[in-house]
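Asks: quick one: sequence plus predicted model below, questions after.
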Amino acid sequence: MAVEARIHFGHGGRAVIRISGVLGGHDVPALRATFTNVLAARPGEILVDLHGCGFADSAGPTLLSWLLRRGREEGLAVFLSGLAEDEEAFLRRAGLTEQHASGVPA
């Protein structure tokens, strides 16, 4: 299954990015461009819904780490929902748990 990212800008300034499929290294450039465009729109906060997403390799958690760092640099709150335990552990080791919120409704 190809990775798909759907973006919805909701009321209150929240951008929701729903990612589905199995994310591998070859998907990173397109998703990085998607995230960059959402960051440039300056929403009040960003929620990345990963309930329908799996990871083929370490590229997925690395991309999420990049997004969390960029959000912090831009002064935007970025929340993740639907992460598997392995991905949560990766972000915790990277010191990014302060911007991670699991279980946030999409």
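Replies: Everything's here; your move.

Asks: contacts, neighbours, all on C-alpha from now
Replies: Fine.

Asks: what does stretch 35-49 rub up against?
Replies: By CA atoms under 8 Å, 6 or more residues apart in numbering, the residues outside stretch 35-49 that reach it are 9, 12-19, 67, 71, 74, 76-82, 106.

Asks: if you set the cut-off to 7 Å instead, what comes out?
Replies: Contact partners of stretch 35-49, identified using CA atoms under 7 Å, 6 or more residues apart in numbering, comprise 13-19, 76-82, 106.

Asks: likewise for stretch 2-15?
Replies: Stretch 2-15 is contacted by residues 16-23, 43-47 when judged by CA under 7 Å, 6+ apart.

Asks: how about 10 Å then?
Replies: With contact meaning CA atoms under 10 Å, 6 or more residues apart in numbering, stretch 2-15 is reached by 16-24, 26-28, 30-31, 34-35, 38-39, 41-50, 52-54, 77-78, 106.

Asks: and the worst-scoring helix or strand of the chain on mean pLDDT, what's buried?
Replies: The helix or strand of the chain with the poorest confidence is helix 85-93; it has a mean of 77 (mean pLDDT, DSSP states H and E). Neighbour-count burial for helix 85-93 flags 87-88, 90-91 (criterion: 16 or more other CA atoms under 10 Å).

Asks: longest helix anywhere in the protein?
Replies: Longest helix of the chain, by residue count under DSSP state H: helix 59-74.

Asks: ok, then the element right after that helix?
Replies: strand 77-81 (DSSP states H and E).

Asks: so which elements touch that next one?
Replies: Strand 77-81 sits against strand 14-23, strand 45-55, helix 59-74, with contacts defined as 3 or more CA pairs under 10 Å, 6 or more residues apart in numbering; DSSP states H and E.

Asks: including mean pLDDT and distance to residue 5, could these go into TSV?
Replies: Shown next, in TSV, are the helices and strands packed on strand 77-81 (pLDDT from 0 to 100; distance: least, CA to CA, whole Å):
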stretch	mean pLDDT	distance to residue 5
strand 14-23	93	5
strand 45-55	90	10
helix 59-74	88	13
